[in-house]
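Asker: sequence and predicted structure below; questions after.
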Amino acid sequence: MKVNRAAIYEAAEKLSNWGRWGADDQIGTLNNISPEDVINAGKLIRKGKVFALGLSLKEPIQSGLFGGRWNPIHTMLATGTDAVAGVQDTPAPYLRYADDAISMPCQASTQWDALAHIFLDDKMYNGYDAKLVDVKGAKKLGIEHVRDKMVGRGVLLDVARFKGVDSLDDGYAITNKDLDDTAAAQGVEIRKGDFVIVRTGHQERCLAKQDWTGYAGGGAPGLAFETCYWIREKDIAAICADTWGCEVRPNETDEANQPWHWVVIPAIGISMGEIFYVKELAEDCAQDKVYEFFFSAPPLHLPGGAGSPINPQAIK
């Protein structure tokens, strides 16, 4: 489909979930998850095998191409060398210990975008005014509203493996047909309320080369703009990927930066997970041919946050 500003606004109007769950709703498509869905997701645990989907915070993925984000900075405040040197032995009584701190943007590594993250002109999801996000944080749609919602049935769509490649090429736009064909080949059904994780192989390519040039904000394989219609049709709870921004880069238009984002977050109200590490999970799924699992990925309890770092768990 041709992507331009008109197509963005048309999709936003057609796919809007504003008011669907009430004028005060602040969790969007996570409303699609029922208690029964969570119970049934728990029944998917058969091997007791756990996969951590958070990328190491030591990976220098940020390049400063977007928003001035920097790589996480891990600082030791107290160490064993301090302890052995006797630095901590006074005043008495003393305690020998290690302590540390971390400084990072909330979206510097594996993370959720809050619904307050992206605006459609001067509005957020559900029609909230963008000015409700100020220097003190988001007064509406902050990440804290979903802290007990990120649990349910997870599904991996390994598009790269389906296409027979280690990694899709930068600029490859994953279509609705790609998603449906991948699901069919894997023998998995996408259901209402699912957490869908898309593997492109892009992150693994960077890890193998130990070269993150352009990963954060440069060229990348990713979801085509048309998939915003697929997301709304499937009524999934969240969409996640192993890339920096989920959607294809370069974008399919020069009339908007990240045009897919303009629709999926502020219009549809879907939670978006980015920079997911899926290598081991994908290998296990390819081996046992089971692409569904129990999924849990609570954000930090950060009132007013526009996003949150996470270490998602897939349990099979």
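Answerer: On my side now, so go ahead. Numbers count the residues shown, from 1 in each chain.
Asker: ok, now which ones touch residue 247?
Answerer: Shown here is residue 247, whose contacts under the criterion Cβ atoms under 8 Å, 6 or more residues apart in numbering are 222-225, 258-261. (C-beta placed from N, C-alpha, C; glycine too.)
Asker: residue 220 versus that one, what's the distance?
Answerer: Taking Cβ to Cβ, to the nearest Å as the criterion, residue 247 is separated from residue 220 by 9 Å.
Asker: returning to what we had before: with neighbour count, distance to residue 195 and pLDDT added, can I get the contacts of residue 247 in a markdown table?
Answerer: Shown next, in a markdown table, are these (neighbours: other Cβ atoms under 10 Å; distance: Cβ to Cβ, whole Å; pLDDT from 0 to 100):
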| residue | neighbour count | distance to residue 195 | pLDDT |
| --- | --- | --- | --- |
| 222 | 27 | 18 | 98 |
| 223 | 27 | 15 | 98 |
| 224 | 21 | 20 | 98 |
| 225 | 26 | 21 | 98 |
| 258 | 17 | 21 | 97 |
| 259 | 22 | 23 | 97 |
| 260 | 28 | 18 | 98 |
| 261 | 22 | 18 | 98 |
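Asker: those residues in helices, which ones?
Answerer: When the contacts of residue 247 are checked against helices using DSSP state H, the ones located there are 259-261.
Asker: which one of those is nearest residue 192?
Answerer: Minimum distance to residue 192 across the ones in helices among the contacts of residue 247 is 20.9 Å, recorded for residue 260 (Cβ to Cβ).
Asker: can you list the low-confidence ranges for the chain?
Answerer: Counting by pLDDT under 70, the low-confidence segments of the chain come to 64-65.
Asker: pop the domain breakdown of it in here.
Answerer: The chain breaks down into these domains under automatic domain parsing: 5-67+106-315, 73-103.
Asker: any idea which of those domains is most buried?
Answerer: Comparing those by mean neighbour count (mean count of other Cβ atoms under 10 Å), domain 5-67+106-315 ranks first with a mean of 19.
Asker: picking that back up, just curious, which of the ones in helices among the contacts of residue 247 is nearest to residue 68?
Answerer: residue 261 (18.0 Å).
Asker: which residues are in contact with residue 181?
Answerer: Residues touching residue 181, when contacts are defined by Cβ under 8 Å, 6+ apart, comprise residue 162.
Asker: I'd like the next helix or strand past the one helix or strand it maps to.
Answerer: Assigned by DSSP states H and E, residue 181 belongs to helix 176-186. Later in the chain than helix 176-186, the nearest helix or strand by DSSP H and E is strand 195-199.
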